[in-house]
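S.K.: No sequence on hand, only this structure:
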């Protein structure tokens, strides 16, 4: 998203979003502004009179959103399927880029333009095709002496395609395509159906059962349910209007029988229907106690879990819009233990939805990879700069949050990435539920007795821990990556760590963590979300499991493109999605029997045993 002349963001700034994006910064730096801008854009809300920048040009209040993961096929202005690439509606990066410009100097600001920035034909006769209606497209084709006899000329998309193919050089260039003029209004109305559903959970309102904050999650559910049945609801409305009109006409005839001068016409007047306004919702809990009578922490926890429940429902329903959940300061009113559990739940949620949170709590900030942190820096001239987490910015983040090491920590666990953290948590929990005595990784982390730090990139916690100087045991686990007899990829690092006191490092015996997940657990995880894949036998020790699963899932879909036809970017997205699914969901389907089958060398048990030994060692000390 890019913002310009919106509240504190005068000069244009850009922020990109990951699966779970964590906004950090001082009070009044502009974290809530970013979430409010998304709310205005995606929920089609007008800004208010104070949203235009006072030190900029409020007439040019701009919110610009760029979307990836686009549908392969969609309907635009008629019933004929097309795609955004064929319609030249994508920018040079292959993304859908929409600019909404508002006149923010008005007392009641309104939108002044909606445009797509697209790599688009610029030659006369072609550059304006999206604005033309069917009759105008046919006339254009006739002017250019283009034969339309071989296509369905009742639909616009085939005519546009025919006209474009008539020219050898379309002279493509980045231009702005108006979407709120002429026929393009229909195109924009259709595009809206494919944009994400956005739900914003704010931190600064009381959580009563009828307060907007309590209503929002339920309202989102109501809106989505209505969207799914909108055609049927509109048909009912039309039926009722027709029936009422019949009665009105009959009444008029009876009036004319009595006295023709009484009335010449009776026209029923109907206000525009807003289906969602018909459904009023409230939340009650145990013994019918309204949510506003519960403690503030419980109220907030209940409401936050509406987000989780709704995302889970999304997973089970195919062909639904994507979802973005924006949650301000999820730690508000929560005990530290619940803060950790809540953040972990939000991380799980990000498998099927994008999650955006803001926080002042170091405990949450250090729980995400640094690449998912966004620090909003207030410059000396009061402008803002948004910094992504990486090696050279982590020191700034640490200072801003006032992060200090925790004296309660008994063990540091170093792994290569956030997915490995999820695997260790999940396998530990699955084995405990199966009656196996292993350390409860999740509980130890919630209690602050162990801290994970990803080694695959400089994470925030690396700056805060200064491991060598804290006199705490360390357990390091690396993916082997290489096939024997070659040495593990990180052999030198492993040797160096093992030469330090109270430290232990090893590599996996298989390629990586995902190779320890049994096929039955993977099949069940996907079956639970309505995706049926066939895996005849467990993968080999050095197969690329996330890649193979991504291929299987893709092949089970109704996509017209084969895996090899997908762009490298799309393939990477699908692989990352399968990696998250394996480590966050499939691993929890494991049990002792399945682990013994896939890991007869008891490699996983050796890690958990060593973790327990190092943890006990520090306690004894």
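M.R.: Good, I have the coordinates. Everything numeric in this text was worked out from a predicted model, so none of it was measured. Numbers count the residues shown, from 1 in each chain.
S.K.: Would you mark the buried spots in stretch 128-144?
M.R.: Buried residues in stretch 128-144, counted by 16 or more other C-beta atoms under 10 Å: 128-132, 136-138, 140-141. C-beta: built from backbone N, CA, C; applies to glycine.
S.K.: got those residues as a markdown table, with distance to residue 46 and pLDDT columns?
M.R.: Converted to a markdown table, the buried residues of stretch 128-144 look like this (distance: C-beta to C-beta, whole Å; pLDDT from 0 to 100):
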| residue | distance to residue 46 | pLDDT |
| --- | --- | --- |
| 128 | 29 | 93 |
| 129 | 30 | 93 |
| 130 | 25 | 92 |
| 131 | 25 | 90 |
| 132 | 29 | 92 |
| 136 | 31 | 93 |
| 137 | 33 | 93 |
| 138 | 37 | 93 |
| 140 | 36 | 94 |
| 141 | 39 | 93 |
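S.K.: How about residues contacting stretch 180-191?
M.R.: Stretch 180-191 is contacted by residues 74-77, 96, 98, 111, 113-114, 130-133, 136, 156, 177-179 when judged by C-beta atoms under 8 Å, 6 or more residues apart in numbering.
S.K.: go again using 10 Å as the cut-off
M.R.: Stretch 180-191 is contacted from outside by 67, 74-78, 84, 87, 89, 96, 98, 100, 111-116, 128-134, 136-137, 156, 177-179, using C-beta atoms under 10 Å, 6 or more residues apart in numbering.
S.K.: go on, stretch 44-51?
M.R.: Here stretch 44-51 makes contact (C-beta under 10 Å, 6+ apart) with 5-7, 33, 36-37, 39-40, 58, 61, 63, 100, 102-111, 192, 195.
S.K.: Tell me which of the contacts of stretch 180-191 fall in strands.
M.R.: Secondary structure defined by DSSP state E assigns 67, 74-75, 96, 98, 100, 111-116, 177-178 of the contacts of stretch 180-191 to strands.
S.K.: Please parse this protein into its domains.
M.R.: For the chain, the structural domains run 7-48+194-210+288-403, 71-193, 231-275, 411-509+601-620, 515-598, going by automatic domain parsing.
S.K.: could these go into a markdown table alongside distance to residue 223?
M.R.: As requested, those are exported to a markdown table (distance: least, C-beta to C-beta, whole Å):
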| stretch | distance to residue 223 |
| --- | --- |
| domain 7-48+194-210+288-403 | 8 |
| domain 71-193 | 13 |
| domain 231-275 | 9 |
| domain 411-509+601-620 | 31 |
| domain 515-598 | 22 |
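S.K.: what's the closest of those domains to residue 1?
M.R.: Of all the domains of the chain, the one in closest proximity to residue 1, counting by C-beta to C-beta, is domain 7-48+194-210+288-403 (5.6 Å).
S.K.: quick one, strands of the stretch 451-600 of the chain?
M.R.: Taking DSSP state E, counting those that start in this stretch as the criterion, the stretch 451-600 of the chain carries its strands at 474-478, 503-507.
S.K.: most neighbours per residue, which of those strands?
M.R.: strand 474-478 (a mean of 22; mean count of other C-beta atoms under 10 Å).
S.K.: got a list of what residue 506 touches?
M.R.: Counting by C-beta under 10 Å, 6+ apart, residue 506 has contacts 475-478, 480, 488, 490, 494, 497-498, 603, 606-607, 610.
S.K.: do that again at 8 Å, thanks
M.R.: Applying C-beta under 8 Å, 6+ apart to residue 506 gives the contacts 476-478, 494, 606-607, 610.
S.K.: returning to what we had before: narrow the contacts of stretch 180-191 to just the buried residues.
M.R.: Listed as buried from those are 67, 76-78, 84, 87, 89, 96, 98, 100, 111, 114-116, 128-132, 136-137, 156, 177-179; burial here means 16+ other C-beta under 10 Å.
S.K.: measure the spatially most central residue of the chain to residue 345 for me?
M.R.: By C-alpha atoms, centre = their mean, the mean C-alpha position of the chain lies nearest to residue 354, the distance being 1.4 Å. Taking C-beta to C-beta, to the nearest Å as the measure, residue 354 and residue 345 are separated by 15 Å.
S.K.: that older thread, and the nearest residue to the residue nearest to the centre of the chain once chain neighbours are set aside, its phi and psi?
M.R.: Residue nearest to residue 354 in three dimensions, not counting chain neighbours: residue 324, with 4.6 Å by C-beta to C-beta, 6 or more residues apart in numbering. Main-chain dihedrals, residue 324, degrees, to the nearest 10: phi -120, psi 120.
S.K.: Hmm, residue 324 is touching residue 198, no?
M.R.: Yes: counting by C-beta atoms under 8 Å, residue 324 touches residue 198, with 4.9 Å between them.
S.K.: Show me whatever sits in contact with both of the two.
M.R.: Taking C-beta under 8 Å, 6+ apart as the criterion, residue 324 and residue 198 both touch 38, 42.
S.K.: quick one on the thing from earlier: which residues sit in contact with the residue nearest to the centre of the chain?
M.R.: By C-beta under 8 Å, 6+ apart, the contact set of residue 354 is 17-21, 196, 322-325.
S.K.: Please pick the buried ones from those.
M.R.: When those are checked against 16+ other C-beta under 10 Å, the ones flagged as buried are 17-21, 196, 323-325.
S.K.: Look at residue 92 and say how many residues are nearby.
M.R.: Using other C-beta atoms under 10 Å, residue 92 has 12 neighbouring residues.
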